[in-house]
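Asker: coordinates only, sequence not included:
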């Protein structure tokens, strides 16, 4: 009987100790998770700030006046000439010779390209 009573007290003591350890572990784990959440929130704030800066930079870089300035000053591009390009008449769709009339040979394209004003580089 004494051995049985001692075994019961040992079992109760082990149960109490394990419950205390679980309680302590739960508190420690909660503190670790809270610290991790704080660190992730700080990282999120930093990333959101960086995203705002990048969006502002993208908006400033996509400004039409800035693009035109870079194209003319850095790349040396010029506005295209305003002279109209002469396009030969094409037979109406559905007629038998519409496909033949719509084809252009390489020579015709080359002659049309030579008739355009030469593009000069802006200095």
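Answerer: Now that the structure is in, tell me what you want to look at. Model, not experiment: these values are computed from the prediction.

Asker: give me the pLDDT for residue 60.
Answerer: On pLDDT, residue 60 comes in at 88.

Asker: distance of it from residue 48?
Answerer: Separation of residue 60 from residue 48 (CB to CB, to the nearest Å): 19 Å. Bear in mind the C-beta positions are built from the backbone N, C-alpha and C, glycine included.

Asker: then residue 75?
Answerer: Per CB to CB, residue 75 is found 35 Å from residue 48.

Asker: equivalent analysis for residue 68, please.
Answerer: According to CB to CB, residue 68 and residue 48 sit 32 Å apart.

Asker: same thing with residue 70?
Answerer: 29 Å.

Asker: quick one: which helix or strand includes residue 48?
Answerer: Using DSSP states H and E, residue 48 sits in helix 2-61.

Asker: and the next helix or strand after that helix, which residues are buried?
Answerer: Later in the chain than helix 2-61, the nearest helix or strand by DSSP H and E is helix 64-69. Within helix 64-69, no residue is scored as buried using 16 or more other CB atoms under 10 Å.

Asker: helices or strands up against helix 64-69?
Answerer: The criterion is 3 or more CB pairs under 8 Å, 6 or more residues apart in numbering; DSSP states H and E, and there are no helices or strands that helix 64-69 contacts.

Asker: what's the average pLDDT for that helix?
Answerer: Averaged across helix 64-69, the pLDDT comes to 90.

Asker: got a list of contacts for it?
Answerer: residue 60 (CB atoms under 8 Å, 6 or more residues apart in numbering).

Asker: please redo it, this time with the cut-off set to 10 Å
Answerer: Helix 64-69 is contacted from outside by 60-61, 63, 77, 79, using CB atoms under 10 Å, 6 or more residues apart in numbering.
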